[in-house]
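Enquirer: Sequence first, then the predicted structure:
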Amino acid sequence: QKEVEQDPGPLSVPEGAIVSLNCTYSNSAFQYFMWYRQYSRKGPELLMYTYSSGNKEDGRFTAQVDKSSKYISLFIRDSQPSDSATYLCAIANQAGTALIFGKGTTLSVSS
Amino acid sequence: DTGVSQNPRHKITKRGQNVTFRCDPISEHNRLYWYRQTLGQGPEFLTYFQNEAQLEKSRLLSDRFSAERPKGSFSTLEIQRTEQGDSAMYLCASSPGGSDVEQFFGPGTRLTVL
């Protein structure tokens, strides 16, 4: 079993839709959870960072961590065409160590 | 622009040649990371520096790969005797250090080995 599993999609939604992106992970030692957005041929851009369980909201983005089920989610409200990108979940077991990434989910938002 | 910078942005080389990439992290970031990303995959960790000390290396970092951060500022990643399987995007990231876990990525260097 891979340490982080993420459905690669692609996921296509109309503008204004609510988008749900998800990852599962295998090791309960992981404490740090991040979501990155990556546009084609660019480096990943940090969107959200969560420590341990709970929710975190930033504008149209909400990150959610459920440690009991080893499940992390990113919700995008009122999706825009500019949100079209690949979304990568990343986890770490302690500060400063290497991030372990999922494969990324490709999202397309049509106007 | 005070983000992570990487040079060159693109490199095309022939199999068997050596290549070197440079990464300039965000100013005063103590930690610097190298990752490799192939098409359709997430970034995979290669190596990590705390200041000038290389603290961790992945199994992916074969003997043909070497990384340095001589003065604790910029870093170089060299690949000797390149192979077609080395074709990938090489990403550099930096982090402030301490309890900060967020890593900030550069634009990457895309390597094509012919």
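Expert: Noted; the coordinates are in hand.
Enquirer: The residue in chain A that chain B sits nearest to bridge partners, please.
Expert: In chain A, no residue comes nearer to chain B than A:Phe101, which is 3.0 Å away by CB to the nearest CB. In this view, the C-beta of every residue, glycine as well, is placed from N, C-alpha and C. Beta bridges link A:Phe101 to A:Ala90 when assigned by DSSP bridges.
Enquirer: Leaving out the residues flanking it, which one is nearest to the residue in chain B positioned nearest to chain A?
Expert: Nearest residue of chain B to chain A (CB to the nearest CB) works out as B:Gly42 at 3.0 Å. Counting by CB to CB, 6 or more residues apart in numbering or on different chains, B:Gly42 lies nearest to A:Phe101, which is 3.0 Å off, once chain neighbours are set aside.
Enquirer: ditto for B:Tyr90
Expert: Nearest non-adjacent residue to B:Tyr90 (CB to CB, 6+ apart): B:Thr109, at 4.8 Å.
Enquirer: what's around the one you found, how many residues?
Expert: 22 (other CB atoms under 10 Å in any protein chain shown).
Enquirer: That one touches B:Asn7, doesn't it?
Expert: Yes. Counting by CB atoms under 8 Å, B:Thr109 does reach B:Asn7; the two are 7.3 Å apart.
Enquirer: if I look at those two, which residues touch both of them?
Expert: Overlap of the contact sets of B:Thr109 and B:Asn7 (by CB atoms under 8 Å, 6 or more residues apart in numbering or on different chains) consists of B:Phe21.
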